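> Provide a 3D model corresponding to the input given below.
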Amino acid sequence: MTGGVMQKAHQAGHRVVLVTSTRGEVGEIHNMDEAETRPKLAEVRTAELAAAARILGVDRQEFLDYRDSGMAGTDDNQNPASYHLAPLEQAAERLAAILREERPEVVVTYDPTGTYFHPDHIKAHQVTTTALDLLKGEGWEPRKFYWHGFPRSGLKAWAELSTRPDAPEPPSFPPNMGVPDEEITTVVDVRPFVDGKLSAFKAHLSQNGPEAFFLSTPAELRERAFGEEHFVLARGELGVPRPEPDLFAGVGG
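Model (predicted):
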């Protein structure tokens, strides 16, 4: 859901840095043999992410190298090495080390719910916030800090799209998923980058089931479904009256 703004930033000449907390080693496996792939899934997904990052214009990609926590209620979720159980200050310092090197003008992470309540996404939100608190105490902070926010009206629109006979069934959304529309501060038109978003998604071969909504959406509906990305400005100042059209509005350079 941020593939468009990453491409847009790269095209505008900004340096794009992607930090990933885990290597997704306990997720479901599609399009590959389970028994053969499971022992090396972290390696497979590392390569897939690298391919996607190249498509999206990522200049630097780093891992915090925690173990994938899996979904709540699973055995993997109770593994003491899992990311969501990692000491918050320890994980925040790992991220802070990268932020000290890069000094980004704009930082983006998940909203407090992790977009769809994945434990590692929630932890990523907490870790990013704590890392920025740490750096603020050292005298530095980015110009803007955003949460990716999926508007609840967007979920409704996806449901409406699914009623068309040529449209695929959308993902099953958890209750209370999404950000209330009135909290969205920034809406970025990424229609020129939809094809790149889909190409990056395809690069994650082991994660795409045969009926993946993102890949089976008819071409004429893709811009409507994936042509905008939404954010909540958590810290900093809006560059223009809301809704901002760009994460770098008011930043310049």
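> so where's the stretch 151-253 of the chain shaky on pLDDT?
The model of the stretch 151-253 of the chain has pLDDT under 70 over residues 158-173, 253.
> Scan the chain for its longest strand.
If you go by DSSP state E, the chain has its longest strand at strand 228-236.
> Keeping just the C-alphas, turn stretch 14-24 into CSV.
Presented in CSV, the C-alpha positions along stretch 14-24 are these (Å, rounded to 0.1, in the frame of the first residue of the first chain):
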residue,chain,number,x,y,z
HIS,A,14,14.5,11.5,-3.2
ARG,A,15,16.5,8.7,-1.6
VAL,A,16,14.2,5.8,-0.7
VAL,A,17,15.2,3.6,2.2
LEU,A,18,13.1,0.5,3.2
VAL,A,19,13.6,-1.1,6.6
THR,A,20,12.0,-4.5,7.1
SER,A,21,11.7,-6.1,10.5
THR,A,22,11.6,-9.8,9.6
ARG,A,23,12.1,-12.0,6.6
GLY,A,24,8.6,-13.5,6.6
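> Please list all residues in contact with residue 236.
For residue 236, the contact set (CB atoms under 8 Å, 6 or more residues apart in numbering) comprises 142, 143, 144, 145. No exception for glycine: its C-beta is placed from N, CA and C like everyone else's.
> How about residue 44?
Residue 44 sits next to 32, 37, 206 when contact means CB under 8 Å, 6+ apart.
> what's the following helix or strand after the helix or strand hosting the second one?
Under the criterion of DSSP states H and E, residue 37 resides in helix 34-37. Per DSSP H and E, helix 34-37 leads on to helix 41-56 as the next helix or strand towards the C-terminus.
> List the buried residues of that following helix.
41, 42, 44, 45, 46, 48, 49, 51, 52, 53, 55, 56 (16 or more other CB atoms under 10 Å).
> Then stretch 105-123?
Applying 16+ other CB under 10 Å to stretch 105-123 flags 105-111, 113-115, 118-123 as buried.
> follow-up on the earlier one: out of the buried residues of helix 41-56, who's nearest residue 198?
Nearest to residue 198 among the buried residues of helix 41-56, counting by CB to CB, is residue 55 at 9.6 Å.
> was I right about that closest one contacting residue 195?
No. Assessed by CB atoms under 8 Å, residue 55 is found out of contact with residue 195, at 9.7 Å.
> Residue 146 touches residue 107, doesn't it?
Yes. Between residue 146 and residue 107 there is a contact under CB under 8 Å: 7.1 Å.
> mind putting the contacts of residue 44 in TSV, distance to residue 87 included?
Below are the contacts of residue 44 laid out as TSV (distance: CB to CB, whole Å):
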residue	distance to residue 87
32	34
37	31
206	30
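> Tell me the one among these nearest to residue 24.
residue 206 (8.4 Å).
> do you know how far that closest one is from residue 150?
24 Å (CB to CB, to the nearest Å).
> Between these two, which has more neighbouring residues?
Using other CB atoms under 10 Å, the more surrounded residue of residue 206 and residue 150 is residue 150, with 22 against 17.
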